[in-house]
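# Fold the following and give me the result.
(2 chains)
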Amino acid sequence: METSLVDLEKGDSGTITQITGGYGQQRHMRSLGVREGKEINIVAKQPIGGPIIIDIDGNQIAIGRGMATRVMVKS
Amino acid sequence: MGNPNVGKSVIFSRLTGVNVITSNYPGTTVGFKEGTVKFGGEKAGLIDVPGSYTLDPTSKAEEVAVEMLEKGDMVINVVDSTNLERNLHLTLELLEYGLPTIVVLNLWDETKHKGITIDVDKLREHLGVPVIPTVAVTGEGIKELIGSTPVKPSQPKRTEDERWTEIGRIIGEVQTVTHHHHTALELLGDASIKPLSGAIIAIGVMAIAFEFIRLIGEGLIGFVFDPIFEIYYKPIMEGLGGVLGDGLLFDVVIGTLIEGEIDFTQSMGLLTTGLYVPFAMVLPYVFAFYLGLGLLEDSGYLPRLAVLVDTIMHRIGLHGLSIVPMFLGLGCNVPGALSTRVLETKKQRFIASTLMAVAIPCIAQIAMIAGLVGEYGVIGFGVVFLTLFLVWLILGLILSRVMKGESPEIFLEIPPYRIPALVATFKKLWMRIRSFLSDAVPFMLLGVLIINGLYSFGIIQFIGELTEPLITGLLGLPSEAVGALVVGFLRKDVAIGMLIPLNLNMNQAIVASVVLAMYFPCVATFVVMVRELGVLDMLKSSVIMISSAFLVGGLLNLILGVVL
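Now for the predicted structure:
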């Protein structure tokens, strides 16, 4: 099932299928390792609209919710 | 060059012997620093630049890095070996750029803990330039690095997609990852970033840090500096006073006698108060603060705290990483203002530096505020800091709404926890203390000298009469307090020191501390802010500072008058 990263819960995992949004932001995300084909794991979700912490290849990245809506994940 | 937080500055420091501040979070280096290094028998200038994920800058700090590349003849590309795939993106961009390059695989020791094996020879073949594994903090591999010669690469120009395909191919051939068990540090890392346990840990860390700084600061004052000044230094000054006799020279050097004796906090002489304030009142807290900050920085806790406070920061137009300027600002506003370069947009940099300059007093100032309101116990100190926090929050909420421009969200790499290498932590502490001694102390002495001059020519009294409605009417302070506002442009710690002989009551001491903290940055911070924000924005920022200082000071005077 394909959902956006923001809809996943803590402990969920999946594979990134698509990144949308502006070209600059897409590039920025990919340069930090958030890109298509990568397996991700949700480490934590901060409450009240706070950032989501994901694990990619053993590295943790904090990502804002707005950006997270633009990352599609297949779980 | 290299991605943020891969150890570029440590490598630079190893190669050149030039000391630079290093920490465990992305964005420690925001400017560039030059040194010289002997490479293969030839001398070369080496430049340490801020970290960058791509050659397409997304922040002012990254812009600095790309600008430097355009001026360079050779590149040392530092790579985090535990994060090879992502780091190779910049490596390929650099190789396509075409300057002679060496690739340094730093943090080599950490690959073992993470179960990563990298075939260095194969990687060298793929990249076509020397590849050298190093552990910069211990110096491993630095000799090999110095012995190698940069090679001009011959990589074809690629599109973004082609680059990632190539990286995938390289990684598949050179890297193998085996499963590893979570280490205790990794478990702690997860706990400190989850909402509930993270908040508990954050409160604990802050409470410990506060107590740590207070205990060390008070201990140093009570057991080391005060005794030195009272027992050993005072007799020397009394002797010197006898030699000088009465007159202008005595007034400038020794100052005014209080009840027939030298009083280090009140005499206001160049060699009495002028040395007592920096060494016995401020330095102990500077030492304690930077020791605590250094440990927090080097362990890797700050980025985790950044994530936890992101929600609040987002409401005031910033994001979590803005705690870095705020924390550095608590030490000294100058590095605080510089570190706003890690933020992406002009709006964020304006809000962050304005809020820091208005509501974050530096440790030198905090130490003096503690001296001024300390006798009224927790309430005095508490009211001052609660007020400043509320100003920070409310002003931030207003600015984020009225200002045009974007406030991007947090997008931050969280580095692993590392046990601070104490040698490096203490080296950093020493660098910061030395810059306090060489940059701040002369200004403090100058401040004391100017106070003496202004008083003896009657200028303070004149300005005092002129501003009486504002100072006495609005803020409820004695008109002599205006002298502190004048000197506060130069050094705020000395300015607060000037208030001590005025015997202010609690309300006055609180109002004066808050107004002095807010009304304007000290000259050193002012210069940096003009450079970072530009003249026009700094003018706007200054108007905000001055008007909010008197507004808040006036309100506080009214409220305290009713309540206390």
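# Provide a list of residues in contact with the residue of the stretch 151-300 of chain B found nearest chain A.
Chain A sits closest to residue B:194 of the stretch 151-300 of chain B, with a gap of 4.5 Å, by C-beta to the nearest C-beta. Just so you know, the C-beta spots here come from the backbone N, C-alpha and C atoms, and that holds for glycine as well. Shown in contact with residue B:194 (C-beta atoms under 8 Å, 6 or more residues apart in numbering or on different chains): A:10, A:43, A:44.
# With respect to chain B, which of those residues is nearest?
residue A:44 (4.5 Å).
# How about the residues of chain B by chain A?
B:53-54, B:56, B:58, B:82-83, B:85-86, B:89-90, B:114, B:160, B:164, B:177, B:189-190, B:193-195, B:198, B:303, B:306-308, B:310-311, B:314, B:319-320, B:408-414 (C-beta under 8 Å from any C-beta of the partner chain).
# Can you select the buried ones among those residues for me in PyMOL?
Per 16 or more other C-beta atoms under 10 Å in any protein chain shown, the buried members of these correspond to this PyMOL selection:
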select buried, chain B and resi 53+54+58+82+83+85+86+89+90+114+160+164+189+190+193+194+195+198+303+306+307+308+310+311+314+319+320+408+409+410+411+412+413+414
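# Keep only those of the residues of chain B next to chain A that are in helices.
B:85-86, B:89-90, B:160, B:164, B:189-190, B:195, B:198, B:303, B:306-308, B:310-311, B:314 (DSSP state H).
# Secondary structure element for residue B:103, which one?
Using DSSP states H and E, residue B:103 maps to strand B:101-106.
# Name the nearest residue to whichever residue of chain B sits closest to chain A, sequence neighbours excluded.
In chain B, the residue that lies nearest chain A is residue B:409 (2.5 Å; C-beta to the nearest C-beta). Nearest in space to residue B:409, with sequence neighbours left out and distances taken as C-beta to C-beta, 6 or more residues apart in numbering or on different chains, is residue A:64 at 2.5 Å.
# what are the ranges of the helices in chain A?
A:23-31, A:65-68.
# Mind telling me which of these the model trusts least?
Of all the helices of chain A, helix A:23-31 carries the lowest average pLDDT, namely a mean of 87.
# Would you mark the buried spots in that one?
Within helix A:23-31, judged by 16+ other C-beta under 10 Å, the buried ones are A:25, A:26, A:27, A:28, A:29, A:30, A:31.
# Strands along the chain, start to end?
Just going to use chain A. Residue ranges of the strands in chain A, as given by DSSP state E, are A:2-4, A:13-19, A:39-45, A:52-56, A:59-63, A:71-74.
# That was the other one, I meant chain B.
Using DSSP E, strands in chain B cover B:33-39, B:42-48, B:75-80, B:101-106, B:116-118, B:131-133, B:175-177, B:411-414.
# Rebuild those as CSV, extending it with mean pLDDT and distance to residue B:235.
Shown next, in CSV, are these (pLDDT from 0 to 100; distance: least, C-beta to C-beta, whole Å):
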stretch, mean pLDDT, distance to residue B:235
strand B:33-39, 86, 45
strand B:42-48, 89, 48
strand B:75-80, 96, 55
strand B:101-106, 96, 55
strand B:116-118, 94, 64
strand B:131-133, 96, 60
strand B:175-177, 91, 69
strand B:411-414, 93, 56
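# and of those strands, who's closest to residue B:210?
Residue B:210 lies closest to strand B:411-414 among the strands of chain B, at 24.1 Å (C-beta to C-beta).
# Residue B:131 versus the residue nearest to residue B:483 when sequence neighbours are not counted, what's the distance?
Distance criterion C-beta to C-beta, 6+ apart; nearest residue to residue B:483, sequence neighbours excluded, is residue B:460 at 4.2 Å. Distance of residue B:460 to residue B:131, given as C-beta to C-beta, to the nearest Å: 65 Å.
# what's near enough to touch the residue lying closest to residue A:48 once chain neighbours are set aside?
Of all residues not flanking residue A:48 in the chain, residue B:311 sits nearest, at 5.5 Å (C-beta to C-beta, 6+ apart). Contact analysis of residue B:311 by C-beta under 8 Å, 6+ apart lists A:46, A:47, A:48, A:49, A:50.
# Where does chain A get nearest to chain B, residue-wise?
residue A:64 (2.5 Å).
# Distance check, that residue against residue B:388.
27 Å.
# what does residue B:407 give?
23 Å.
# so does the helix or strand bottoming out on mean pLDDT in chain A get close to chain B?
Between all helices and strands in chain A, the lowest mean by mean pLDDT, DSSP states H and E belongs to helix A:23-31, at a mean of 87. Yes - contact of helix A:23-31 with chain B (C-beta under 8 Å from any C-beta) involves A:24, A:27, A:28, A:29, A:30, A:31.
# which residues of chain B score low on pLDDT?
Applying pLDDT under 70 to chain B picks out residues B:40.
# can I see the domain layout of it?
If you go by automatic domain parsing, the domain ranges for chain B are B:8-180, B:195-408+B:427-563.
# picking up where we left off before, spit out the contact partners of the residue nearest to residue B:409.
A:51, B:310, B:314, B:319, B:408, B:409, B:410, B:411.
# do the same with residue B:306
Contacts of residue B:306 by C-beta under 8 Å, 6+ apart are A:62, B:319, B:320, B:321, B:322, B:323, B:324, B:410, B:412.
# Pull up the gap between the second one and residue B:310, please.
Okay, so that is residue B:319. 6 Å.
# Give me the common contacts of the two.
Joint contacts of residue B:319 and residue B:310 (C-beta under 8 Å, 6+ apart) are A:64, B:410.
# Now residue B:100: closest residue in space that isn't a chain neighbour?
Going by C-beta to C-beta, 6+ apart, residue B:100 has residue B:150 as its nearest residue, at 3.7 Å.
# Wait, the one you found touches residue B:75, no?
Yes - the criterion here is C-beta atoms under 8 Å, and residue B:150 meets it with residue B:75 at 7.2 Å.
# Tell me the buried residues in the longest helix seen in chain B?
As assigned by DSSP H, the longest helix anywhere in chain B is helix B:535-563. Residues of helix B:535-563 classed as buried by neighbour count (16+ other C-beta under 10 Å): B:537-538, B:541-542, B:544-545, B:548-550, B:552-554, B:556-557, B:560.
# Equivalent analysis for stretch B:393-411, please.
B:395, B:396, B:399, B:400, B:403, B:407, B:408, B:409, B:410, B:411.
# check contacts around the third one.
With contacts taken as C-beta under 8 Å, 6+ apart, residue B:399 has the following neighbours: B:316, B:317, B:350, B:351, B:354, B:355, B:544.
# Let me have those residues in a markdown table, extended by distance to residue B:503.
Shown next, in a markdown table, are these (distance: C-beta to C-beta, whole Å):
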| residue | distance to residue B:503 |
| --- | --- |
| B:316 | 38 |
| B:317 | 42 |
| B:350 | 40 |
| B:351 | 38 |
| B:354 | 34 |
| B:355 | 33 |
| B:544 | 32 |
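# Give me the subset of the residues you listed that lies in helices.
Short answer: the contacts of residue B:399 in helices (DSSP H) are B:350, B:351, B:354, B:355, B:544.
# thinking again about what came up before, looking at the buried residues of helix B:535-563, which two lie furthest apart in space?
Pairwise over these, using C-beta to C-beta, the maximum falls at B:537 and B:560, 33.4 Å.
# how close does the residue lying farthest from the centre of chain A get to residue B:487?
Computed with C-alpha atoms, centre = their mean, the residue of chain A farthest from its C-alpha average is residue A:48, at 17.6 Å. To residue B:487, residue A:48 is 44 Å away according to C-beta to C-beta.
# How about residue B:17?
39 Å.
# higher neighbour count, the two?
Shown here are residue B:17 and residue B:487; by other C-beta atoms under 10 Å in any protein chain shown, residue B:487 has more neighbours (25 against 10).
# Return the residues in contact with the nearest residue to the more buried one once chain neighbours are set aside.
Closest residue in space to residue B:487, ignoring its immediate chain neighbours: residue B:495 at 4.5 Å, by C-beta to C-beta, 6+ apart. Shown in contact with residue B:495 (C-beta under 8 Å, 6+ apart): B:447, B:484, B:485, B:487, B:488, B:516.
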